[in-house]
Structure formats: structure tokens, C-alpha cells
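Next come a sequence and a model predicted from it.
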2 protein chains.
Amino acid sequence: MRTIISLLGSLLVVLGVMLLIPIIVSFIYQEQIISSFLIPALSSLLAGLLARLKFREEKITISTGMLVCALGWIVISAIGAIPFYLELDYSYVDTLFETVSGFTTTGITVFSGLSEFPRSILFWRSLIQWLGGLGFLTFFLVVTFRGQSGLFQLFTAESHKINMSRPVPNIFKTIKILWLIYAGFTIVEIILLKILGLTFFDALIHSFTTLSTGGFSSYDASIGYFKTAGYQYYHLIEYVIIIFMAAGGINFLVHYKILTGKIEELWSGIEMKYFWGIIAGVSSLILFEHYLHFPFEWSGLEKTFRTTLFQVVSIITTTGFGTESINGAFFPALAKQLLLILMLIGGCVGSTSGGIKVIRIAILNKLFNREVKKIYYPKRAVLPVVVEGNIIPDDEIFRIVALFFSWLVLILIGGGITAILSDLPAWNAFSGIFSALGNIGPFYFSVSKMQSLSDGIKITYIIAMLAGRLEILPIFILFSPQAWRD
Amino acid sequence: MRTIISLLGSLLVVLGVMLLIPIIVSFIYQEQIISSFLIPALSSLLAGLLARLKFREEKITISTGMLVCALGWIVISAIGAIPFYLELDYSYVDTLFETVSGFTTTGITVFSGLSEFPRSILFWRSLIQWLGGLGFLTFFLVVTFRGQSGLFQLFTAESHKINMSRPVPNIFKTIKILWLIYAGFTIVEIILLKILGLTFFDALIHSFTTLSTGGFSSYDASIGYFKTAGYQYYHLIEYVIIIFMAAGGINFLVHYKILTGKIEELWSGIEMKYFWGIIAGVSSLILFEHYLHFPFEWSGLEKTFRTTLFQVVSIITTTGFGTESINGAFFPALAKQLLLILMLIGGCVGSTSGGIKVIRIAILNKLFNREVKKIYYPKRAVLPVVVEGNIIPDDEIFRIVALFFSWLVLILIGGGITAILSDLPAWNAFSGIFSALGNIGPFYFSVSKMQSLSDGIKITYIIAMLAGRLEILPIFILFSPQAWRD
Ligand SMILES: [K+]
Ligand SMILES: [K+]
């Protein structure tokens, strides 16, 4: 219990410091809403420092580690929501929803009329996503590093086994490198978007939410805004965002390797092969189906290609930006199905993406191939599941299967709750929870519909967003009395 | 290759004999369409006997066994469709579709205006389902028994491991007992339905398709017909059918044990507990949701209860009879979701049901519980998945996982093909393949829509119906060059 409070204290201190940054934005734009940030910032700092002074950390068990992670993000979301609650005309549940959607990089919004919002509020909303993007991973690494050494292995097991071991032996150095790459990419995107005509503020906001695969925009029309508002280079803006969404969806250890000169890492690993393969395959299918419904014209090809690629990359990386509504006629039935499947898959491990993750789908696929192969081999033959020359131990496959299975079960439960507490049809009710659990953003009903849903559904989605981000198990631990006893 | 032809020969002989039975019906009703049955009957007998005379059986491998099973049902469906093709005004693909739908006990129909059909044709359509009900299991047992002894274990592995070993040591005696129980239940249902006012023909037809969980009816309105046609005891007719649908969905080895006096087998096994639990749970949820949308009246409660229970049992046992359309307002969004999930689950192993099967869902659930438990135990602790005191070996769990995973993949592929070759919306397109793969029958679009779908979709469904019935692997084998070489 002491360790839990002490670890939460550290998180509160970080949150408190972060809450001071929007105050600068508030100064620049002379918005004079400083107190809305200062109150939660100081409370958070005070509580955090007190907790750190009063309680010492001890070695913790796996279950305590998971409990801290789940609890930590709930607590800082509860505090991070305060500026929204104080400045905007929304209920606390709505602002909490928006904050959880931010930290988990989900990007489902219950706010509308965004262009009228104070700049500092929009900035905070984006910053939350940027912090959440690598924050979940970082906090998990820190928490587990302080516990048993086996814990770190637990987390990195999958990436470790497929030859993606830590780039450097020291865990804090690893974290530092990850944040440097993350910040570096963000700065490059800001510069590119600025060059292409965005205001510095817009470039900043959207770069924060691209690399974090968060997907919050400062416009109700998302990235589609830049076209309708008449930006000259809107095509290029979209391509730049496609590239950086993809960057956010790729394992940051792969980025590290690429930056250290091993460019082939971009396509040589099994997860990257699947990642590019899925993007190419799904995009082709959507293009094909699109032209079954619309007449083909050379002049429109670039636009169709760009819009398709944008949406496919946006969904598989779980960013959720849009230039064309996935509810509309542009994406016919097959496209709608494919995009829903992408929501389940998600991006790569070690990225800022949500979802089940590409490598796990690849391993499940290998498992199936193995089972088919078994038919042709003698009964006692041992046929391991091999990925990149390494045997995936049974324990790891079972963990993946359990994750996959519980993912489906949570979708069913969440879809059921949505169906019963709303007037949404069965299919649309499922799509919302696909999106929340996968930390994606878009779904098959309107944003205004989402905003009008009952608090029961919103709380269900809050739990789903956290469950998806934490890969489910910690959320189960949260509801387990056994974990709290330790 | 010789063995394959010889085994197919046996199947053709059986089919030939069966094709002679409708001729009796044709005589009784003086329909004079004897040649439509006689031609395929004699061809089948002749070809079958020739094959048996010319070719000898040898020991076969697992893959050959699976190949024979897949091929066998395709061949006899192709011949079994001939009477429909000769007598009715449908394309060959349509009649093949109907025949595969029959033998696999799926029950999706592309025929309409059933009450105008010749009696012998309706009889053949029902008989096909009755034969398919236990026929798939029987043929598999026979084929595998003649091969390696390990093959039989492969099939019965799951039931065996959970303490449901063969009732008697001799395989042919087992098969005989299964068919006796099956026939016995069918006769009891015929008598009960006759007492409740059905004509002998209707009682026969519907009993055939209840116990086989096939779901073909001789009326377009399915079981709903008996109410609208003014049958006095239509309530009781529905309750009787509920009971016998449930009987068809339960492992026939459980029936055997019950009949030998162990009545507690009806609820004591883990699969039975899940089976009754799911029926009770889902029915309660649907009732609850129904009354959120409709005013509660005591007078209507029995009707609502009966209709709900009927549909839940009809879908989980994969029978597919209906008294109320699952597309209508009676079943709101949550109900529609739940019924779709039931389509995935299906009935018990060793029953005539399709679907993934209840016991496998139970084992996947146990697997998830084990993974959660692992967090609290030391890293090296061995925590097996235990069902009824027996450890489920990893090999078996992997097989179940592979089945589950390939089931989902086939749904996605089939749903995609349906979406692209039709104008159905995404959700409805999925529901058809859920139904075909699970051998269920109903789906979320109209029967007339199904009839109008393109041949491409119908052929996809034919493959899906066979894949579901054969539990997928044999269908993969069918497309594998390696299996044909042996
Ligand atoms: K997102
Ligand atoms: K059926």
C-alpha cells in the first residue's frame, strides 16, 4: 500500500509540472484562465510531494505493479480533467471522459465547437495525448523496474523474444532514448506542417496528436478541415500526417535501430512485414471496392488513393484522424468491415498505438499454420511456433491467446451495454467499443450521437479505453480483492 | 487414391439406398415424380458398387481421412441435388446450395413457396437433414476407424479427455447406439406433434429437422406457421420443439448415460452447465431488454417468454427454426448481438449442432482464468488448465485456439466476399456468414434477399457450410496439394 501511494506520488508530481505548461500558452494568448490550471497543478504537486515524503517504495509484486498502473492513470485523469471542467460547460463525467480519451490516446471526443475553445485548453487537450503516447509505456517500465526484475521481462517478453532486445542495457537510458526519438519526430513534423502553411499553434497541436497516435484535432472536421478551409498544400499536409502516423505506429526500438543506420529494420522484421502488408492489402481492397461503386477517372485517382491510404494508416496506427467520414458512401460495406478489423489489430508493439498489436496477430497466424502442419507429421513430432528463427514459448502464446480472447469478450460486454443504454442498432453499438478498446477514435455513428450517450455508456468506454491501453490485465487486477491485500 | 474412391463408394451406396425412400412418399401421394429420384439413386448405387468392387481400402493417414470427409459430402450433395434440379425451377447452383444446406444441417433455404412443393421433394429435403445430423459424425468415425487408431482419438480427443469416453468399446456398436437414440427421439417427437394436431407428414418433416438441428420447415413461416394457421395447441407445439431442439444440441453420449439411469449427467458435466447457463443467461437478458422497449403486461408474459426461449434454444443448438423474425422489433439491438454470439458458440460436442461448441468456449474461458491466476503465482509454478479434474493438454488447447482463430478469419473473408458481391450493409453481410459457418440458418436480412444473391456468394456459403460442419481443417486439406499426393 505504501509503495502504491509513493509511486502515485511520483506521477502526481509529473502531472503537476505538466499542468504548469498551458499557463504559458494562456499568457501568450492573453486568455487569463490561469487559475483553472494553477489549482489542479498545485494540488497535484502538493499531494505528490507529500506522498513521496511520507511513504517509501519497496519491492513490489507483479499484481501490485499492474494495480499501480491502472490506478495511476485513473487518478491523473481525474485531476487532468479539472481545467476542462472549470473552463468549459460540460459535466464532470464528460470532461473525465475527454481526459481519459486523451491520456489513453483514444481521441474519442465529447467536445464540439472546438475552434471557439481557449487556446490553452486546446493545448492541454493535445499535450495530454502527447504525454500519454509514451507515458503509459514509461510509467510501466519505471514501476516494473523497481519491482522484481522478472517484471520488466514480462512486459518486454514479446519484443525481446523476437530479437528486439533493449537497445542499451540501462532502463533509464532506454527511456531517455525513446523520449528523444519521440520528441525529435514531433519537432520535425511541426516544422514540416509549419512550412506547409499551418499556424505554429495548429502545427504543434496536430504533431502532438499524430506521433502519439491520439488523433485529437483542434477542428471538428479533423484533418479534413485543411482542405475545406482552402489550404493550398492540403495534399502534402495529408501525406506528411500519413508518414508521421505510420511513425507513431511503429515500434520505437525499430526507429532507434533505423536511426543508428540499420535502415533495413524498416521492412525486415516480421512485424514490419505484416504492418506494411496489411496497409498495402487493405488499401488495395478498399480502392478496388470503391471503384465498383464509383466511376473511375484518372483525375480523381490521386485523391481516392490519398484518402484511402490516409484512413487505413489512421486506423491501423489507431490515430483516428479523418479526411473523409468512415460512415459515408466513400467507404462501402467491405471498406467498413476492413476498417473495423484494423481497429482490432492496431499498430506495432513498443509504439504509441493501441489495439491487439500486429506481432500478436502474426503469432496467432503462425500458430494456425503449425496446427495445419501437424496433420502431416507423426504424432510425436515437436513443431514449435518459430518467429524470425526464435521459438515462441507456449507460455507466451497462451498469454497472447488470453489477451485476444478477453479483448473479444470486452467488446461483447461493451457492445451489449451500449446497445441496452442507447437506441443505437446492434452493429453501430459494437463499433463504439471497438474504437474505445482499441484506442482509435472514430466509429460507425456520429460524434454528436456519442456526445449525447448516457453516462453509463461513457463510463463503460472510460474503462474500455484504460483496459485497451493497459492491455486489459491490469484492469482485471483493479477489480480483484486479492491484489489490494498485498 | 484407391482408398479415397473406395470410401466414397460406400457413401454413394448409402446415398443410393436413401434416394429410394422418397419414391415411397411419391407413391403414397401419387405424385408420379419417381424418375427424378430413381435416376440419381441408380447412378449412385451403380457408381458406388463399382467403386467398392474395383478398389480396396488400405490404411489411411489423417490427411487422407480428412480429404475423404470433405470430398464425400461434396459428392453426395452434388448427387442429392438432382431431384430438386429435375423437379423444381431453380438453377443447379441453387439446388446444390439447398442440398449442402441440408446435409450440413444449416437450413438456409433458397426455395420459397414451399407449401406448393411436391410432398416427396419436401420429404427428401427433410430426410437430407436427418441423415446429415448424425451422418457427418458417423462417416468420420467410420473413415477414421479404418485408418490409424490415433485418428479416432483425434476426433474424440476433447470429449474423451473430459471423461466422456465411448460408452462401449466397439466403434460400430457405439454408432448403432447413437443412431438408436437419434431415431428414438425422432419417433417420440413425431408422436407428440401428431397428438398436438399436426398431420403425420408435417410431424415427420419437422421432427427430422428438429433432432438434426437442421431447421428446414415445410412452411415459409417456419414454426410460426402453426400459430397463424390457427392450430389450437400451438403453444405446446412450440414447447415440444424447444425440448427436442435442446435434445439435438446435447452430446448424444450424455443422452446415452441419461438413458442408462444417470440422470444427473443432464446438468453435472461442465459442458451441460455452460449450455444451460448460457440459455438461461441470454434468455434473461433478452427478456429484460424486450421489456425496456415494450410495456409489461402479465397476459403477454408467457408469449414473450416462450418466443424468447424458443429463439435462444433454436440459435444455440443451431437449429434455426423461428416463431418471430430475428430481424424484427421483438428482438432489439442487444438481443440481435446476443443471438449473433450464440451463432458463434453453437451446441455441445457429439451433438448434431454446429458452431465452435460450448466445451471449447468453456476451455478458452478456463485458459483466461489460468492466465490471470499466473500473476499471483511464482514464475515457475505450473498451472494446468483443469476441466472436471482432468488436465487439458497444451496440444488440445492449441487446437481449440487454432479452430477459434480460423473460424473468425473465415467469417471475415466470407463477410468481405458477401459485402463486395452484394449491396448488403457491412453488419448484415457478416451475419450471413456467421449463420452459414455455424450451420444455423437465420441471418440479419430477408430470405428473399438470400435467394437473390449472386452465385459467387452462394458458392462461398457452400464452402462455409461444409467448413463449419467439418470443423474447418478438412476444407483446408481439400485445397492442399500435399494431401492429394498421398
Ligand atoms: K487514437
Ligand atoms: K440449422
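Structure's in. What do you need? Numbering: from 1, shown residues only, chains lettered A, B, ... in the order given. Ligands and ions are numbered 1, 2, ... in the order given.

list the contacts for A:L122?
Contacts here follow Cβ atoms under 8 Å, 6 or more residues apart in numbering or on different chains; on that basis A:L122 touches A:114, A:205, A:218. (Each C-beta comes from the backbone N, C-alpha and C, glycine too.)

Among those, which one is most surrounded by other residues?
Neighbour tally across the contacts of A:L122 (other Cβ atoms under 10 Å in any protein chain shown): the maximum, 26 neighbours, falls on A:I205.

From A:G322, how far off is it?
With the distance defined as Cβ to Cβ, to the nearest Å, A:I205 ends up 16 Å from A:G322.

need the contact list for A:P118.
Residues near A:P118 by Cβ under 8 Å, 6+ apart: A:26, A:29, A:31, A:33, A:87.

Touching, the last one and A:Q32? I think so.
Read that as A:E87. No - contact criterion Cβ atoms under 8 Å: A:E87 and A:Q32 do not qualify, at 11.0 Å.

of these two, who's got more company?
Counted by other Cβ under 10 Å, A:E87 and A:Q32 do not tie: A:E87 has more neighbours, with 19 against 11.

Next one: the more buried one, what pLDDT does it get?
pLDDT recorded at A:E87 is 90.

what secondary structure does the nearest residue to it once chain neighbours are set aside sit in?
Spatial nearest neighbour of A:E87, excluding adjacent residues (Cβ to Cβ, 6 or more residues apart in numbering or on different chains): A:S36 at 5.0 Å. State at A:S36, reduced to three classes by DSSP: H, G, I helix; E, B strand; the rest coil: helix.

Isn't A:S36 up against A:A81?
No - the pair A:S36 / A:A81 is not scored as a contact, 11.2 Å apart, by Cβ under 8 Å.

The closest residue to ligand 2 within the stretch 101-250 of chain A: neighbouring residues, count only.
Among the residues of the stretch 101-250 of chain A, A:I108 lies closest to ligand 2, at 38.9 Å counting by Cβ to the ion. Around A:I108 sit 27 other residues, with neighbours defined as other Cβ under 10 Å.

ok, the residue lying closest to it once chain neighbours are set aside - contacts?
The shortest distance from A:I108 to any non-neighbouring residue, by Cβ to Cβ, 6+ apart, is to A:S101 (4.9 Å). Shown in contact with A:S101 (Cβ under 8 Å, 6+ apart): A:107-109, A:216, A:465.

What count of nearby residues applies to A:L285?
Neighbours of A:L285 under the rule other Cβ under 10 Å: 18.

returning to that earlier point: in ChimeraX, select just the buried ones from the contacts of A:S101.
Filtering the contacts of A:S101 down to the buried ones (16 or more other Cβ atoms under 10 Å in any protein chain shown) takes a single ChimeraX command:
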select /A:107,108,109,216,465
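
Which members of the contacts of A:S101 define the maximum pairwise distance?
Across the contacts of A:S101, the longest distance by Cβ to Cβ is 13.2 Å; it joins A:F216 and A:M465.

Now for A:L12: which residues touch it?
With contacts defined as Cβ under 8 Å, 6+ apart, A:L12 is in contact with A:44-45, A:47-48, A:51, A:75-76, A:79.

Next: A:E238.
A:E238 neighbours (Cβ under 8 Å, 6+ apart): A:223, A:226, A:306, A:310, A:323.

try it again with 6 Å
A:306, A:310 (Cβ atoms under 6 Å, 6 or more residues apart in numbering or on different chains).

Please identify which helix or strand holds it.
Counting by DSSP states H and E, the element that carries A:E238 is helix A:234-249.

how about that helix, does it reach ligand 1?
No - Helix A:234-249 lies out of reach of ligand 1 by Cβ under 5 Å from the ion, never closer than 9.5 Å.

Name the next helix or strand following that helix along the chain.
helix A:252-259.

for A:S212, what are its contacts?
Under the criterion of Cβ under 6 Å, 6+ apart, the neighbours of A:S212 are A:105, A:129-130, A:133, A:352.

From A:E189, how far off is it?
Distance, A:S212 to A:E189, using Cβ to Cβ: 11 Å.

All the strands of chain A, residue numbers only.
A:385-387, A:390-392 (DSSP state E).

Buried deepest among those strands, which one?
When you average the neighbours per residue for each of the strands of chain A (mean count of other Cβ atoms under 10 Å in any protein chain shown), strand A:385-387 leads with a mean of 17.

List of residues touching that strand?
With contact meaning Cβ under 6 Å, 6+ apart, strand A:385-387 is reached by A:162, A:270, A:366-367, A:370, A:392.

Of those, just the buried ones, PyMOL syntax please.
Command for PyMOL, covering only those of the contacts of strand A:385-387 found buried under the criterion 16+ other Cβ under 10 Å:
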select buried, chain A and resi 162+270+366+367+370+392
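
Tell me which two of the contacts of strand A:385-387 sit farthest apart.
Pairwise over the contacts of strand A:385-387, using Cβ to Cβ, the maximum falls at A:I162 and A:R370, 16.2 Å.

Make TSV from the contacts of A:S212 and add pLDDT to it.
Formatted as TSV, those follow (pLDDT from 0 to 100):
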residue	pLDDT
A:T105	93
A:Q129	94
A:W130	95
A:G133	90
A:T352	90
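
would you turn those residues into JSON lines with distance to A:L198 and neighbour count?
Output for the contacts of A:S212, formatted as JSON lines (distance: Cβ to Cβ, whole Å; neighbours: other Cβ atoms under 10 Å in any protein chain shown):
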{"residue": "A:T105", "distance to A:L198": "21", "neighbour count": "35"}
{"residue": "A:Q129", "distance to A:L198": "17", "neighbour count": "28"}
{"residue": "A:W130", "distance to A:L198": "17", "neighbour count": "26"}
{"residue": "A:G133", "distance to A:L198": "20", "neighbour count": "26"}
{"residue": "A:T352", "distance to A:L198": "21", "neighbour count": "30"}
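
how about the residues of chain A near chain B?
The interface of chain A toward chain B, taken as Cβ under 6 Å from any Cβ of the partner chain, is made up of A:62-63, A:150, A:289, A:333-334, A:336-337, A:364, A:368, A:371-372, A:375-376, A:379, A:394, A:401-402, A:405-406, A:415-416, A:419-420, A:425-427, A:429, A:476.

What does the pLDDT read for whatever residue of the stretch 251-400 of chain A ends up closest to ligand 1?
Ligand 1 sits closest to A:G320 of the stretch 251-400 of chain A, with a gap of 4.0 Å, by Cβ to the ion. In this model, A:G320 is scored at 90, pLDDT.

same deal with A:T144?
63.

pLDDT-wise, which helix or strand of chain A ranks last?
Counting by mean pLDDT, DSSP states H and E, chain A has its least confident helix or strand at helix A:149-161, which shows a mean of 38.
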